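Peer 1: everything below, folded, please.
(one chain, ligands or ions: 1)
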Amino acid sequence: MNDVKTEVSQGIIQGKPYNEIARGITERTGVAAGKAIRIARTETHRVTSAGRQISYDKTFNASESLGIEVQKVWIAIKDGRSKDSHHEKMDGKHPDEKGYYTLPSGVRTLGPGLSGDPNEDINCRCIEGIEITSF
Ligand SMILES: [Zn+2]
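Peer 2: Numbers count the residues shown, from 1 in each chain. Okay, the predicted model is just below:
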């Protein structure tokens, strides 16, 4: 698993596409190509989503000092190709006051790819955005 982490983190730092990260995982660990792609996608998504949480925290701090109200919003990819069509219902949803979204399954998460539940996180392509609610 450490080999996978190394491959994913180096790939993200170097801006590699999923398929190159996946190839690296296969070369390092012998994991089958299809599984390696799934791991690369899921892990890259999780890390970028976690990074967004940090930038949103800064946005909230800045908006407070500007007197603007902002809110996080879940954005589902609705192109018919999405393997996480079970997240389509999340599109446009806002988190609760503690920052958690409740998925249709009842699982709670701080954002796309961050639930820790493989059924929710694997193949998730959803993202989060910021909406200005008043200014
Ligand atoms: Zn999703």
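Peer 1: and the gap between Ile127 and Asn19?
Peer 2: 20 Å (Cβ to Cβ, to the nearest Å). The C-beta positions use only the backbone N, C-alpha and C, and glycine is treated the same way.
Peer 1: more crowded one of these two?
Peer 2: Neighbours were counted for Ile127 and for Asn19 using other Cβ atoms under 10 Å; Ile127 has more, 17 against 13.
Peer 1: once you drop chain neighbours, what's closest to that one?
Peer 2: Ile75 (5.0 Å; Cβ to Cβ, 6 or more residues apart in numbering).
Peer 1: where along the protein do the helices fall?
Peer 2: 2-13, 18-29, 33-66, 118-121 (DSSP state H).
Peer 1: what packs against the last one?
Peer 2: Taking 3 or more Cβ pairs under 8 Å, 6 or more residues apart in numbering; DSSP states H and E as the contact definition, the neighbouring helices and strands of helix 118-121 are helix 33-66.
Peer 1: now the helix it packs on: average pLDDT?
Peer 2: Averaged over helix 33-66, pLDDT sits at 90.
Peer 1: please apply the same query to stretch 111-128.
Peer 2: 92.
Peer 1: first to last residue in it, what's the distance?
Peer 2: Using Cα to Cα, to the nearest Å, one end of stretch 111-128 lies 7 Å from the other.
Peer 1: what residues sit buried inside that stretch?
Peer 2: 111-115, 120-121, 123-128 (16 or more other Cβ atoms under 10 Å).
Peer 1: residues contacting the closest residue to Ile25 other than its chain neighbours?
Peer 2: Here the nearest residue to Ile25 in space, its sequence neighbours aside, is Ala36; by Cβ to Cβ, 6+ apart that works out to 4.1 Å. For Ala36, the contact set (Cβ atoms under 8 Å, 6 or more residues apart in numbering) comprises 22-23, 25-26, 29.
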